[in-house]
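A.B. asks: what follows is a protein structure lacking sequence information:
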């Protein structure tokens, strides 16, 4: 009698650790958008209030996109770092956009009350959007939460990969902040010191 409950717990655990999007059954795995390529300006994301954000609207600004979830255990460590980045760079011409493409989290549909509740309770200070059709995920090749992308003022992808090299949150100040370093470099008109890393999550 306890077996179904045990299987249910295993299913929940699998959901929490699942990648942001699964490749089509029998199809090739998604690959990240190539660094050095221009990200299409017509990519459009809708936030929790129904406002559409086109990447073309942010030409002239540095855009930091990361795939985001409220159930992924890696996000519990990554989200505070992303909030800190938003606080540090919001007045420096940097726009941060989180993309939720976890279909399990999006199945409730608008107005996405659970996501809204998390945003409010966690004090999320960056733009939160949803990708129920995986359109943006498919273009960028988003694989995990958090999978990060830094786009320069001209719309060229300058970095993709992990937020840092500290997925377990054990390195502290010794961690290498890939995204922060990429943003700093792009703002200074320099190439990112690391352009690609393996995303975790």
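C.D. replies: It's in. Everything numeric here is computed off the predicted structure, so don't read it as measured data.
A.B. asks: where along this structure do the helices fall?
C.D. replies: Under the criterion DSSP state H, the chain carries helices at the ranges 3-16, 73-89, 103-106, 113-122, 135-140, 178-187.
A.B. asks: so how far is the fifth one from its chain's centroid?
C.D. replies: Helix 135-140 has its C-alpha centroid displaced from the chain centroid by 12 Å (C-alpha atoms, centre = their mean, to the nearest Å).
A.B. asks: give me the buried positions along it.
C.D. replies: Residues of helix 135-140 classed as buried: 136, 137, 140 (neighbour count, 16 or more other C-beta atoms under 10 Å). In short, each C-beta sits where N, CA and C put it, glycine included.
A.B. asks: same thing with the third one?
C.D. replies: For helix 103-106, burial by neighbour count (16+ other C-beta under 10 Å) applies to 103, 105, 106.
A.B. asks: still on that earlier bit, export the buried residues of helix 135-140 to a markdown table and tack on distance to residue 157 and pLDDT?
C.D. replies: Listed next are these as a markdown table, based on distance: C-beta to C-beta, whole Å; pLDDT from 0 to 100:
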| residue | distance to residue 157 | pLDDT |
| --- | --- | --- |
| 136 | 13 | 91 |
| 137 | 15 | 93 |
| 140 | 8 | 92 |
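A.B. asks: show me where the chain dips below the pLDDT cut-off.
C.D. replies: Within the chain, the ranges that satisfy pLDDT under 70 run 1-30.
A.B. asks: one step back: which one of the helices of the chain is the most hemmed in?
C.D. replies: Using mean count of other C-beta atoms under 10 Å, the stretch among the helices of the chain with the greatest mean number of neighbours is helix 178-187 (a mean of 21).
A.B. asks: what's the angle from that helix to helix 73-89?
C.D. replies: Computed with axes from the mean of the first three to the mean of the last three C-alpha atoms, to 10 degrees, the direction of helix 178-187 lies at 30 degrees from that of helix 73-89.
A.B. asks: now do helix 178-187: distance to the chain's middle.
C.D. replies: 16 Å.
A.B. asks: one step back: out of the buried residues of helix 103-106, the closest to residue 61 would be?
C.D. replies: The closest of the buried residues of helix 103-106 to residue 61 turns out to be residue 106 (C-beta to C-beta; 26.7 Å).
A.B. asks: ok, that closest one touching residue 113?
C.D. replies: No - judged on C-beta atoms under 8 Å, residue 106 makes no contact with residue 113 at a distance of 11.9 Å.
A.B. asks: the buried residues of helix 135-140 into JSON lines, with extra columns for distance to residue 68?
C.D. replies: As requested, those are arranged in JSON lines below (distance: C-beta to C-beta, whole Å):
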{"residue": "136", "distance to residue 68": "12"}
{"residue": "137", "distance to residue 68": "12"}
{"residue": "140", "distance to residue 68": "13"}
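A.B. asks: alright, I will stop here.
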